[in-house]
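Asker: Fold the following for me, if possible:
(one chain, ligands or ions: 1)
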Amino acid sequence: MYGLIGAMSLEVEALMARLEDRCEKKIGMDVFVSGKLFGKDAVLAVCGPGKVNAALCAQSMILHYQPEWILNLGVAGAGDATVSIGDMVVATAAVQHDMDTSPIGDPVGLVSKLNLVEIPCDETLRGKLVRAASAVEGVRVHEGIVATGDQFIHSGDIRSRIHDLFRAKAVEMEGGAVAHACYAHGVPCCVLRSISDQADGHSDMDYPTFAAMAARHSQQVVENLLSGE
Ligand code: ADE
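Answerer: Now for the predicted structure:
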């Protein structure tokens, strides 16, 4: 069984539509839909935006479905100027850019309890995702840090700060929390993001224009990944 989590319905609806032999289960406020996706056992969920929603959903998925791996997919803002709208980022690791206990001597971004700044992604899954993403026509694929926080980034200064601190290639609101839950339970995990905006002063305009296209691309990667397995 493979687990797939998107924050918004836009990010998984094309996959939901392809899910066969569907079975729905509500756990807390999350609805999990399991079935066959491109011939493979899979469970899908829309977790809602933000780290707490994502962590709750990932933990419920792990405890109720025991997935072999979990992929958090969807859209993101660009982490720096080398990443453009329409590009994809496959995470080498995820960070929580708004975690900050530096006033008491910790590095910025240190995730308490895990005692890590960078939560590593599974290398095997990452390699498969890079190959599956490279097969999507006209899309450039980057590998690097995905930075997660409870805010929609729409300022070049904030984006630069996150990039300077973590070398982020993408900024979003859930990957670091899904990775956190997976790390805690020893479940392999990766984050795949398609860029919908530059996370700068134009992101409030770019996002509604490009989110649907970006969301489609990341779902296309999942189709390539599962069909090729
Ligand atoms: N998801 C898509 N664009 C984003 C942004 N600019 N900041 C945070 N999450 C995002």
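
Asker: List, one by one, the residues from this protein near the ligand.
Answerer: Residues of the chain found near the ligand (C-beta under 6 Å from any ligand atom) are 75-77, 152-154, 171-173, 196-197, 199, 203, 207. The way it works is simple: take the backbone N, C-alpha and C, and place the C-beta from them, glycine included.

Asker: In ChimeraX, how would I select the buried members of these?
Answerer: Only the buried entries of the residues of the chain next to the ligand go into this ChimeraX selection, using 16 or more other C-beta atoms under 10 Å:
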select :75,76,77,153,154,171,172,173,196,197,199,203,207
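
Asker: Looking at the residues of the chain next to the ligand, which is nearest the ligand?
Answerer: Gly77 (2.7 Å; C-beta to the nearest ligand atom).

Asker: and the closest one, which of the three is it?
Answerer: Using DSSP: H, G, I helix; E, B strand; the rest coil, the secondary structure recorded for Gly77 is strand.

Asker: tell me the contacts of it?
Answerer: By C-beta atoms under 8 Å, 6 or more residues apart in numbering, Gly77 lies in contact with 152-154, 159, 170-172, 195-199, 203, 207.

Asker: what ranges do the strands span in the chain?
Answerer: 2-6, 20-27, 30-37, 40-46, 69-78, 88-96, 119-120, 141-148, 168-172, 189-197 (DSSP state E).

Asker: Quickly run through the sheet partners of the fifth one, with directions.
Answerer: According to DSSP bridges, the neighbouring strands of strand 69-78, each with its direction, are strand 2-6 (parallel), strand 168-172 (antiparallel), strand 189-197 (parallel).

Asker: Just put those strands in TSV and tack on distance to Glu24 and mean pLDDT.
Answerer: Compiled in TSV, the strands paired with strand 69-78 are given as follows (distance: least, C-beta to C-beta, whole Å; pLDDT from 0 to 100):
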stretch	distance to Glu24	mean pLDDT
strand 2-6	15	98
strand 168-172	26	98
strand 189-197	23	98
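
Asker: Reformat the ones you listed into CSV and put distance to Val139 next to each item.
Answerer: Putting the strands paired with strand 69-78 into CSV (distance: least, C-beta to C-beta, whole Å) gives the following:
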stretch, distance to Val139
strand 2-6, 18
strand 168-172, 14
strand 189-197, 8
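
Asker: Looking at the residues of the chain next to the ligand, spot the one nearest Pro49.
Answerer: Proximity of those to Pro49, judged by C-beta to C-beta, is greatest for Met173, which lies at 5.2 Å.

Asker: quick one, phi/psi of the closest one?
Answerer: Backbone torsions of Met173, given as degrees, to the nearest 10, read phi -130, psi 10.

Asker: Number of residues surrounding the residue lying closest to Val178 once chain neighbours are set aside?
Answerer: Setting aside the residues directly before and after it, Val178 is nearest to Asn72 in space (C-beta to C-beta, 6 or more residues apart in numbering), at 4.1 Å. Residues lying near Asn72 (other C-beta atoms under 10 Å) number 34.
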